[in-house]
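Trainee: sequence below, structure please.
(chains A, B, C and D)
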2 protein chains.
Amino acid sequence: MKSLKISEAVVKRLPIYLRFLNELSKKNVLTVSSQDLGQKLNLNPAQIRKDLAYFGEFGKKGIGYDVTYLIEKIRQILKLDRQIPVALVGSGNLGRALCNYNIYLRDQMKITAIFDSSPDKIGQVINNMSVLPMEHLADVIRDSSIRIGIITVPAPEAQNVANQFVKAGIEAILNFAPSILKVPEEIRVHHADFTAELQSLAYYLPE
Amino acid sequence: MKSLKISEAVVKRLPIYLRFLNELSKKNVLTVSSQDLGQKLNLNPAQIRKDLAYFGEFGKKGIGYDVTYLIEKIRQILKLDRQIPVALVGSGNLGRALCNYNIYLRDQMKITAIFDSSPDKIGQVINNMSVLPMEHLADVIRDSSIRIGIITVPAPEAQNVANQFVKAGIEAILNFAPSILKVPEEIRVHHADFTAELQSLAYYLPE
DNA sequence: TAGATTGTTAATCGATTAACAATC
DNA sequence: TAGATTGTTAATCGATTAACAATC
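Mentor: Okay, the predicted model is just below:
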């Protein structure tokens, strides 16, 4: 069942599985069934089994999934088993919040450089990192092998930052600015758009 | 074409349309075609037409959509044409970032109360609002007719906050904590999960 | 063995896209 | 009128769920 085209929906669920498995592991739970997982995560057990089966046979019939083994496998699939340095541009409240989330991301994926264009931000220390000027972006990305860029600047500046990321050789971008980025198609862009999220929530309010 | 079941995917795109239309409006653009919209938003024009057609006939054949009129209509659909007060719990960096985003949300949807359980946060002023103690949550939500709650506390506290929101009569929740909430099914929960977003991004990195 | 649970196929359901008549 | 573009139907594509043989 290898090297089939995996849908984005599947990939988006893997981190959810991983997070919950980590909680189980912390509680010394040894095995878990798709039934259990589905219950806790509000997902259909068949879907969970199918998602995992895209990548291999990780379970044991009649038993379920070994928690530790499944964690290891999902981390491999998501490439979280290696170091992935991340750069962030925009050291406002949101940028700072994300830097402090480093704890959650664990060691493999880590914001290792923060940039800002505003002179009064440069030099500030966030989570043991100094905020660097934009002029250093390309060099730092190259020297630290940074592969992912996070954009937390205001919307009007987002495209400009994206351009600089692309020129510097970044491979994927997570954009928090409420704006659509134009980038070469080999660059993967994910969009974390909470104003849109909040506005769509209003739709579902009872009259 | 009314009162059909509208899919979540459609509703999630409406704020994207709205945002871009607002930009057009600011530039005094009068009409726009699904073609144009699709180009700018990286979406299929047919999809855009279909999305809008669920809610009415907003365009003119041969012409396109009147920008001002379409803005008005989408705002109605999303219930953004009325006041929707929002409460936020958790005044860390992320909470503060969201409060400052109030500008983007414009006047209709607005964070009007901030809560925290930590004594050294209570009383701090963020964007002209004092951080209130959790003990006041239920009263403030009732008195200010708050309908939406945002959760920006650490994961282990998120369910507890959700419970308090539900008890206080909130109708929808936007959860930023990396945890799955259990709430009654009439409460709508959206999940803004950027650690998951970032982890799924790693999957797409070239080998 | 009996019970539980996987991996996988088939069935269903839903979302996107293409195509085109209607019409501005 | 000719060109452009909608609204909508039909075709395609994709994702979810049900069902069950295989097997621990």
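Trainee: now do the contacts for the spatially most central residue of chain A.
Mentor: Geometric centre of chain A, nearest residue: residue A:174, 7.7 Å, by CA atoms, centre = their mean. Contacts here follow CB atoms under 8 Å, 6 or more residues apart in numbering or on different chains; on that basis residue A:174 touches A:148-151, A:189-192, B:194, B:197-198, B:201. All C-beta spots, glycine's among them, are computed from the backbone N, C-alpha and C.
Trainee: export those residues to JSON lines and tack on secondary structure, pLDDT and distance to residue B:116?
Mentor: Below are the contacts of residue A:174 laid out as JSON lines (DSSP: H, G, I helix; E, B strand; the rest coil; pLDDT from 0 to 100; distance: CB to CB, whole Å):
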{"residue": "A:148", "secondary structure": "strand", "pLDDT": "97", "distance to residue B:116": "31"}
{"residue": "A:149", "secondary structure": "strand", "pLDDT": "98", "distance to residue B:116": "31"}
{"residue": "A:150", "secondary structure": "strand", "pLDDT": "97", "distance to residue B:116": "26"}
{"residue": "A:151", "secondary structure": "strand", "pLDDT": "98", "distance to residue B:116": "28"}
{"residue": "A:189", "secondary structure": "strand", "pLDDT": "95", "distance to residue B:116": "34"}
{"residue": "A:190", "secondary structure": "strand", "pLDDT": "94", "distance to residue B:116": "30"}
{"residue": "A:191", "secondary structure": "strand", "pLDDT": "93", "distance to residue B:116": "29"}
{"residue": "A:192", "secondary structure": "coil", "pLDDT": "93", "distance to residue B:116": "23"}
{"residue": "B:194", "secondary structure": "helix", "pLDDT": "88", "distance to residue B:116": "21"}
{"residue": "B:197", "secondary structure": "helix", "pLDDT": "92", "distance to residue B:116": "25"}
{"residue": "B:198", "secondary structure": "helix", "pLDDT": "91", "distance to residue B:116": "26"}
{"residue": "B:201", "secondary structure": "helix", "pLDDT": "94", "distance to residue B:116": "31"}
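Trainee: quick check: the residue nearest to the centre of chain A is in a helix.
Mentor: No - assigned with DSSP: H, G, I helix; E, B strand; the rest coil, residue A:174 falls outside any helix and is strand.
Trainee: now the element after the longest strand seen in chain A, going C-ward?
Mentor: When chain A is parsed with DSSP state E, its longest strand is strand A:109-116. Where DSSP states H and E defines the elements, the next helix or strand beyond strand A:109-116 is strand A:125-126.
Trainee: what packs against that next one?
Mentor: helix A:93-100 (3 or more CB pairs under 8 Å, 6 or more residues apart in numbering or on different chains; DSSP states H and E).
Trainee: try 10 Å
Mentor: helix A:93-100, strand A:109-116 (3 or more CB pairs under 10 Å, 6 or more residues apart in numbering or on different chains; DSSP states H and E).
Trainee: how about the first one: buried residues?
Mentor: In this case it means helix A:93-100. A:93-99 (16 or more other CB atoms under 10 Å in any protein chain shown).
Trainee: what does stretch A:158-172 give?
Mentor: A:158-159, A:161-162, A:164-166, A:168, A:170-172.
Trainee: just the ones of these in strands?
Mentor: Those of the buried residues of stretch A:158-172 lying in strands (DSSP E): residue A:172.
Trainee: quick revisit: could you pick out which of the buried residues of helix A:93-100 are near chain B?
Mentor: Counting by CB under 10 Å from any CB of the partner chain, A:93-99 from the buried residues of helix A:93-100 sit close to chain B.
Trainee: make TSV out of the residues you listed and add pLDDT and distance to residue B:49.
Mentor: Output for these, formatted as TSV (pLDDT from 0 to 100; distance: CB to CB, whole Å):
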residue	pLDDT	distance to residue B:49
A:93	92	38
A:94	94	34
A:95	95	38
A:96	94	42
A:97	92	38
A:98	92	37
A:99	91	42
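Trainee: can you redo those residues as JSON lines with distance to residue B:20?
Mentor: Output for these, formatted as JSON lines (distance: CB to CB, whole Å):
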{"residue": "A:93", "distance to residue B:20": "25"}
{"residue": "A:94", "distance to residue B:20": "22"}
{"residue": "A:95", "distance to residue B:20": "25"}
{"residue": "A:96", "distance to residue B:20": "29"}
{"residue": "A:97", "distance to residue B:20": "27"}
{"residue": "A:98", "distance to residue B:20": "26"}
{"residue": "A:99", "distance to residue B:20": "30"}
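Trainee: from the residues you listed, which two are the most distant?
Mentor: The distance between the two most remote of these (CB to CB) is 10.9 Å, for A:93 and A:99.
Trainee: with that, I have no additional questions.
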